[in-house]
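Student: I'll drop the sequence and a predicted model, then ask my questions.
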6 protein chains.
Amino acid sequence: MFLLVFFILISHSSANSVFEFCVADLSQPRGPSGYACKDPEKVTVDDFVYSGLVDFNNAENLSSTLLHNVHTPQFPGLNGMGISMAQERLMVGEVVPVHTHRVSEVYHVLEGTMLTGFIGTDNKAYYKTLNKGEVIVFPPTLMHFLINVGSIPSFATYTFACETPGTQVVNNAFYGGNLPSDLVEKITLLDPSLVHKLKKLFNGTN
Amino acid sequence: MFLLVFFILISHSSANSVFEFCVADLSQPRGPSGYACKDPEKVTVDDFVYSGLVDFNNAENLSSTLLHNVHTPQFPGLNGMGISMAQERLMVGEVVPVHTHRVSEVYHVLEGTMLTGFIGTDNKAYYKTLNKGEVIVFPPTLMHFLINVGSIPSFATYTFACETPGTQVVNNAFYGGNLPSDLVEKITLLDPSLVHKLKKLFNGTN
Amino acid sequence: MFLLVFFILISHSSANSVFEFCVADLSQPRGPSGYACKDPEKVTVDDFVYSGLVDFNNAENLSSTLLHNVHTPQFPGLNGMGISMAQERLMVGEVVPVHTHRVSEVYHVLEGTMLTGFIGTDNKAYYKTLNKGEVIVFPPTLMHFLINVGSIPSFATYTFACETPGTQVVNNAFYGGNLPSDLVEKITLLDPSLVHKLKKLFNGTN
Amino acid sequence: MFLLVFFILISHSSANSVFEFCVADLSQPRGPSGYACKDPEKVTVDDFVYSGLVDFNNAENLSSTLLHNVHTPQFPGLNGMGISMAQERLMVGEVVPVHTHRVSEVYHVLEGTMLTGFIGTDNKAYYKTLNKGEVIVFPPTLMHFLINVGSIPSFATYTFACETPGTQVVNNAFYGGNLPSDLVEKITLLDPSLVHKLKKLFNGTN
Amino acid sequence: MFLLVFFILISHSSANSVFEFCVADLSQPRGPSGYACKDPEKVTVDDFVYSGLVDFNNAENLSSTLLHNVHTPQFPGLNGMGISMAQERLMVGEVVPVHTHRVSEVYHVLEGTMLTGFIGTDNKAYYKTLNKGEVIVFPPTLMHFLINVGSIPSFATYTFACETPGTQVVNNAFYGGNLPSDLVEKITLLDPSLVHKLKKLFNGTN
Amino acid sequence: MFLLVFFILISHSSANSVFEFCVADLSQPRGPSGYACKDPEKVTVDDFVYSGLVDFNNAENLSSTLLHNVHTPQFPGLNGMGISMAQERLMVGEVVPVHTHRVSEVYHVLEGTMLTGFIGTDNKAYYKTLNKGEVIVFPPTLMHFLINVGSIPSFATYTFACETPGTQVVNNAFYGGNLPSDLVEKITLLDPSLVHKLKKLFNGTN
């Protein structure tokens, strides 16, 4: 009976390690392609499951803004997978100001009405109001924004084409960090009093 | 006033084409990395928006199963973006049988209770019951499955780390295509009567 | 004499480490792109040579099935090289049942007559009988199979477009691992008695 | 004499096309990985040479700002090469305001004294004054800037890790394009009068 | 009966095109990532099979050297697959002189005794005599060579980690092409009479 | 005031680690994709700046040849960035003999007149004399060379499409390393006396 013999051979010849995944071992240093892999013997299904997101069906009970990233450090199973996600809830009128990521983003409106858009390198803006159920894709690196222009709090998910999409919010970068005011003025063309005001708003050092 | 001069120079020296996106021109042949790009002059925001998905908040009105892929051919703006998505609704007890994709998948339960899992190349199964709000990542190529084990219809989205994830459903591949019955028997180890029955169920040629 | 001076400079300015290879140091944890590199000072030509394969010219003396993988863990020199191989011998009538890999495979028949094929995501099967000397390429992730339909034992090599191709045999995954019988039934559509029989054949836990 | 025979065989068996380069045929549509290749028979060394840059040794004769990109459309030989460059001259006090690229940039000061820096996704700024001969690397996507803080006009080259780095200047994107003023106000937090002033400065539509 | 409904939905929602392969349409121009795809409707299994190789078991009947490449132009099914192969037969004492490829190569001796090796960027040579059945991996770009040092004609296959590995034979490049003799002398350090002799041997223009 | 709340949330939800860079920690072993990352807390702007190059404006004071590589080990900030550079100065008549790199190179003449070129896999040479200010791109892996054919010392920079381009100089590889003379003779077709002479010139072992 050849078949049986053959199958057992396959089992034996395959290593007792699986190379299709590499759950992040956060205790080790990472490299350019991600974290070192956790010992496969100790990997369980829980390494591939993330339970920290909010239940969308109870969205109406939430009274505040929400942004929840599910990237490699929070979700070790994503390491090396080339994908990650986030969840967002915005109050009426609230804005996610202009920001960038290293990779593509798929934004999916689950609740509410969102004015969204991005700007091309030729400075042409592509923007539209999305109703619930609609999806927009933001190309890698290009600046984009989201505004809840509806009459109820919004809910949305976004997914990224890498496990650590690296959000850089333009305003936070300028006014929320350690860049000295005189430099901020020069590279943004804004006058000192406005820069001072914005640095205060974003808790930047002065 | 140097600044103004400089800014205008940048505008002139940048080509009037944007390389951060490449909306698929479906009328041209595609290559290994995707479709040729639509003329950038004719690209509008609508190329980056997809409106064909179902509104999840009206899920309770849906009486039937749903699987809606949003990949490159349906959504030309995804071309070259390295990401795509799909939407799924399953009735109580319904199963998405074992299948594979070329790339990683992030599966997000929006409604219902789903028993989900995948199998490693060492034949070890990783499976768990997810409640709404939970997320699982399926590694590339590995076989995985989904079962609505709850008491209400489920709703979920999944995202893939490429624009054409290439779903291959094991049973459809075996019994729903043109593979002759005697070959199916040999490569699946099943006996002729069962193969005949399954081919009929899946509309395969005989 | 300028030339000599220049050449010596090149020798000095090049680091005494070679970045074109990265022999796997199996004692260290691996990451998503492979194992850490062995100290280049200790690398010898033997790290790039694999001697464990069978001599094909003595194939007629072999009375049994053979599957021999030459991937990273067995052959540390392949680390980071994006390629690996395997050797296979099948008795008359023997089958390598439906399985998948993460990457492309080139299958080369060195002896015998093989019925081989793969199934597309549209469920269309592409299959053909190969004579010795012929080659077939299996696309990444798509299920494929091999049957010795000739009158003598076969011999073949296959090569993969990565160093750890991750073989997943459909039947072994379903019936040879820890997936509970009731789940197997659900995701394969087979009835309990058949699943029980197959689990026994493939040594799966029950 | 075997060697001769063998060498001729190699010549014959190699196709009369070279796959190591793919000079852009700008008359054809491009795809996600670049332009279609010009007929190899018509490729000459001039396809790989770019002569439009300024001679740095005559920099002192230049009285104005200069930014000269050498990317794929201007230099067809770069197509598929994963690299491109640019040349820059700034007057005393002049600024290249905050901008982004899809890929890494190596900036090399050939003349002058430049205050340069980038901002991390944690809003921490990394900045330093570079003297001539010094080099800085800007990570992909992160916002960065350049200021001539010396007493003479500066000269520099920069190289990018792809053939079309996609410069997006933050101020030009906000104020120099078609984004309506009320949207600009919302996503930048600036008040209407300032946005109006900036839109005028950058020639944006209003 | 939910299952049936679901399966049919999958069939309908999957496009009638398969993205896991892209058989080269050689009549169209190629791009940096390969050729445009042949119309999937016209693809057959023969596009994935190559039948032009020699049967190794009849090797003893071959009286001459053989080098047979199986790359994309000869074998359209390899397009986009990231892998290709070649077959080689050398007479006793024959040499494949120093050459390079863009990608890794796995060399497998099927018959004979081969002295093989490569040279690192630190000029250290890694070389060894391989017996039949043995395998060596050559890192990308590094110069390597093969000599039949046995007493019988050799047979071997090699596989490459891309579909067009781009063989560059050092001697053919120097002496077999259009590079003028005075340039060859300068870049190789050889004197005019030897260069003249070698140009004649390799049929280079003079 | 929603905006403020939202911004602070973003700050909190982003990890205090930046994934856009991975400064090499040279004390740890590297893997196929580069070195492990230095602790982000200890990264400063100096990790991204390299100050070891020569000031080109003082080139006329240099009396000797110069080749200065700026790759990962010398410049840890390049780790994972996919780019690196080098600086070169050649005396009149001096030659950089035929060599290869793994990746594309952009060569930029800053001073002098250079005869440069590369050879295709079809043995066709592409060469030209570049004047100062001109740029040439060398495709990956293809052999190329540089000769100062002007009347003054030259100055140039080159940039590579990876952080460790791996220079392999053909003559140094043949005659400057440990390859035994009889092997060198066989793989280069040169006679013993010439090989002996060249090995002496390049300090190879004999």
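Tutor: Nice, I can see it.
Student: rest of the way, CA atoms for contacts and neighbours
Tutor: Fine.
Student: tell me which element A:L110 is part of?
Tutor: strand A:105-111 (DSSP states H and E).
Student: what lines up beside that strand in the sheet?
Tutor: Here strand A:105-111 has these sheet partners by DSSP bridges: strand A:135-138 (antiparallel), strand A:154-160 (antiparallel).
Student: turn the ones you listed into JSON lines, columns for mean pLDDT, distance to C:M114 and mean neighbour count.
Tutor: Below are the strands paired with strand A:105-111 laid out as JSON lines (pLDDT from 0 to 100; distance: least, CA to CA, whole Å; neighbours: other CA atoms under 10 Å in any protein chain shown):
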{"stretch": "strand A:135-138", "mean pLDDT": "97", "distance to C:M114": "46", "mean neighbour count": "26"}
{"stretch": "strand A:154-160", "mean pLDDT": "93", "distance to C:M114": "43", "mean neighbour count": "25"}
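Student: what's the closest of these to E:P180?
Tutor: Smallest distance to E:P180 across the strands paired with strand A:105-111 (CA to CA): 52.3 Å, for strand A:135-138.
Student: now do the closest one: distance to the chain's middle.
Tutor: Distance of strand A:135-138 from the chain centroid (CA atoms, centre = their mean, to the nearest Å) equals 13 Å.
Student: circling back to that earlier point, can you put the strands paired with strand A:105-111 in JSON lines and add distance to D:L179?
Tutor: Output for those, formatted as JSON lines (distance: least, CA to CA, whole Å):
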{"stretch": "strand A:135-138", "distance to D:L179": "16"}
{"stretch": "strand A:154-160", "distance to D:L179": "23"}
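Student: check the gap between the one residue in chain A that gets nearest to chain C and chain B for me.
Tutor: In chain A, the residue that lies nearest chain C is A:A36 (4.1 Å; CA to the nearest CA). The gap separating A:A36 from chain B is 16 Å, by CA to the nearest CA, to the nearest Å.
Student: could you list the domains of chain A?
Tutor: As assigned by automatic domain parsing, chain A contains the domains A:18-166, A:167-206.
Student: closest one to D:V23 among these?
Tutor: Ranking the domains of chain A by their distance to D:V23 (criterion: CA to CA) puts domain A:18-166 first, at 24.0 Å.
Student: helices of chain A, residue ranges please.
Tutor: A:2-13, A:170-175, A:181-188, A:192-201 (DSSP state H).
Student: confidence-wise, which of those helices is weakest overall?
Tutor: Ranked by mean pLDDT, the helices of chain A end with helix A:2-13 at the bottom, a mean of 44.
Student: stretch A:197-206: which residues count as buried?
Tutor: A:L198, A:K199, A:F202, A:G204 (16 or more other CA atoms under 10 Å in any protein chain shown).
Student: you'd agree the third one is up against A:A173?
Tutor: No. Under the criterion of CA atoms under 8 Å, A:F202 makes no contact with A:A173, lying 9.4 Å away.
Student: now do the contacts for the closest residue in space to A:N171 that isn't next to it in sequence.
Tutor: Leaving aside its chain neighbours, A:N171 sits nearest to D:T188 (7.0 Å; criterion: CA to CA, 6 or more residues apart in numbering or on different chains). Shown in contact with D:T188 (CA atoms under 8 Å, 6 or more residues apart in numbering or on different chains): A:P97, A:V98, A:N171.
Student: once you drop chain neighbours, what's closest to the second one?
Tutor: So the one you mean is A:V98. Nearest to A:V98 is A:F145, by CA to CA, 6+ apart, at 4.7 Å.
Student: what about chain A, any weak spots by pLDDT?
Tutor: A:1-17, A:56-64, A:206 (pLDDT under 70).
Student: break down it into its strands, ranges please.
Tutor: According to DSSP state E, chain A carries its strands in the segments A:30-31, A:34-35, A:49-50, A:66-70, A:84-90, A:95-100, A:105-111, A:114-119, A:125-130, A:135-138, A:144-148, A:154-160, A:168-169.
Student: is the third one positioned near chain B?
Tutor: Yes. Contact between strand A:49-50 and chain B, assessed by CA under 8 Å from any CA of the partner chain, occurs at A:V49, A:Y50.
Student: can you get me the start-to-end distance on stretch A:135-144?
Tutor: With CA to CA, to the nearest Å as the measure, stretch A:135-144 spans 14 Å from end to end.
Student: show residues contacting it.
Tutor: A:97-109, A:116-121, B:20-21, B:48-51, B:77-78, B:81, D:100-102, D:141, D:168.
Student: burial count for A:H68?
Tutor: The number of residues packed near A:H68 is 19, by other CA atoms under 10 Å in any protein chain shown.
Student: that one: what's it in contact with?
Tutor: Taking CA under 8 Å, 6+ apart as the test, what A:H68 contacts is A:L53, A:A86, A:Q87, A:E88, F:S13.
Student: and those near chain B, which?
Tutor: Among those, chain B is touched by A:L53 when using CA under 8 Å from any CA.
Student: return the distance of the residue lying closest to A:G80 once chain neighbours are set aside relative to A:C22.
Tutor: In space, A:G80 comes closest to C:P32 once its chain neighbours are excluded; the distance is 5.1 Å by CA to CA, 6+ apart. Taking CA to CA as the measure, C:P32 falls 6 Å from A:C22.
Student: neighbour count for those two, which is higher?
Tutor: A:C22 (27 against 24).
Student: phi first, then psi, for that one.
Tutor: Main-chain torsions, A:C22, degrees, to the nearest 10: phi -150, psi 80.
Student: which residues does the residue nearest to it when sequence neighbours are not counted bridge with?
Tutor: Closest residue to A:C22 apart from its sequence neighbours, by CA to CA, 6+ apart: A:C37 at 4.6 Å. Bridge pairing for A:C37 (DSSP bridges) gives the partners A:A24.
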